[in-house]
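Chemist: Build me a model from this:
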Amino acid sequence: MTVCRGCCCGTEKVPGVDHAAQLAALRAELAPVAQVRAVNCLDACEQANVIVVQPSSAGRAAGGRPVWLGLVNDPDATADIAAWVRDGGPGLAEPPDILDLYEFGPSRRVRRTVED
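Modeler: A predicted model of the protein is given here:
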């Protein structure tokens with residue numbers, strides 16, 4: 001999982017969100033099953049806070065692709081993402097229906113930077 005923490009994500013530009021707590025919660029919840037890494041910028045600033053859920057090896061073999069989630073500024077959304085990843089994530093488990101509201105498609109240039 002990649003969590004944006006650059007110029008817009010994880011900053012005061014998205015007020016009312018405890019950005020440090022969000023990242024800490026994801027790391028704590030997912031430590032047994034996934035690596036959570038923070039990166040400087042995913043260049044999708046209009047969607048801050050952005051999280052990209054990468055499929056596991058098994059998930060990729062089953063056809064899973066990275067899922068880009070934006071506007072993840074609610075603790076419940078963060079919990080839903082963590083639960084989905086614990087259940088297997090892309091390719092292995094269906095995401096909670098509510099995550100459809102957060103999913104977006106970045107430009108090909110941006111997608112290549114993270115997914116390659």
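
Chemist: Confirm Ala38 sits in a helix?
Modeler: No. Counting by DSSP: H, G, I helix; E, B strand; the rest coil, Ala38 is not found in a helix; it is strand.

Chemist: my read: it touches Leu23, true?
Modeler: Yes. Using C-beta atoms under 8 Å, Ala38 is in contact with Leu23, at 6.0 Å. Where you see a C-beta, it was placed from the backbone N, CA and C, and this is true even at glycine.

Chemist: ok, these two, which is more surrounded?
Modeler: Remark: of Ala38 and Leu23, Leu23 carries more neighbours, 19 against 16, as counted by other C-beta atoms under 10 Å.

Chemist: Find residues that contact each of Ala38 and Leu23.
Modeler: Taking C-beta atoms under 8 Å, 6 or more residues apart in numbering as the criterion, Ala38 and Leu23 both touch Val3, Arg5, Gly10.

Chemist: Need the worst-confidence member of the residues you listed.
Modeler: Minimum pLDDT across the shared contacts of Ala38 and Leu23 is recorded for Gly10, with 90.

Chemist: Run a quick neighbour tally on that residue.
Modeler: 22.

Chemist: Excluding sequence neighbours, find me the nearest residue to it.
Modeler: Nearest in space to Gly10, with sequence neighbours left out and distances taken as C-beta to C-beta, 6 or more residues apart in numbering, is His19 at 4.2 Å.

Chemist: Any idea what the spatially closest residue to Thr2 that is not a sequence neighbour is bridged to?
Modeler: Leaving out its chain neighbours, the residue that sits closest to Thr2 by C-beta to C-beta, 6+ apart is Val52, at 4.3 Å. Val52 has these beta-bridge partners by DSSP bridges: Thr2, Trp68.
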